[in-house]
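Novice: This is the structure alone, sequence omitted:
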Ligand SMILES: [Ca+2]
């Protein structure tokens, strides 16, 4: 069966039968990526302390950097599904998320060096 047409409806109240069909972790991963991009950018600017110019820089980057903008837009879009995804997380998904976090570490260290 194809449920693509009505996946706008998030049926939170639906009785959980057997949780065979995983809801996945797409939105969670996108949110993590967005938070990571934001964190990396902020850290790269912290050497002179945090200030209002940092907030403005984020805004400017959002407006001029298409990749950054897309990452944040993806993170925001569908964020209401994250709770359901996390509730339904399985081992493989947990490992995938762990890898996403680990992948951020080099970027964070690089940002701190700037
Ligand atoms: Ca998303």
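Specialist: In hand now; what should we look at? Because the structure is predicted, anything quoted here is derived from the model rather than measured. Numbering: from 1, shown residues only.

Novice: packing partners for the host helix or strand of residue 33?
Specialist: Using DSSP states H and E, residue 33 sits within helix 26-44. If contacts are counted by 3 or more Cβ pairs under 8 Å, 6 or more residues apart in numbering; DSSP states H and E, helix 26-44 sits against helix 52-64, helix 66-76, helix 82-87, helix 91-113. In short, each C-beta sits where N, CA and C put it, glycine included.

Novice: what does this structure put close to the ion?
Specialist: Within the chain, the residues that sit near the ion (Cβ under 5 Å from the ion) are 27, 30, 74, 77, 78.

Novice: Most neighbours of all those, which one?
Specialist: Top of the residues of the chain next to the ion by neighbour number is residue 27, holding 22 neighbours under the definition other Cβ atoms under 10 Å.

Novice: Please verify my assumption that residue 40 contacts residue 104.
Specialist: Yes. Using Cβ atoms under 8 Å, residue 40 is in contact with residue 104, at 7.3 Å.

Novice: ok so, going back, closest one to residue 36 among the helices and strands packed on helix 26-44?
Specialist: Across those, residue 36 has its closest neighbour in helix 91-113 (4.4 Å, Cβ to Cβ).
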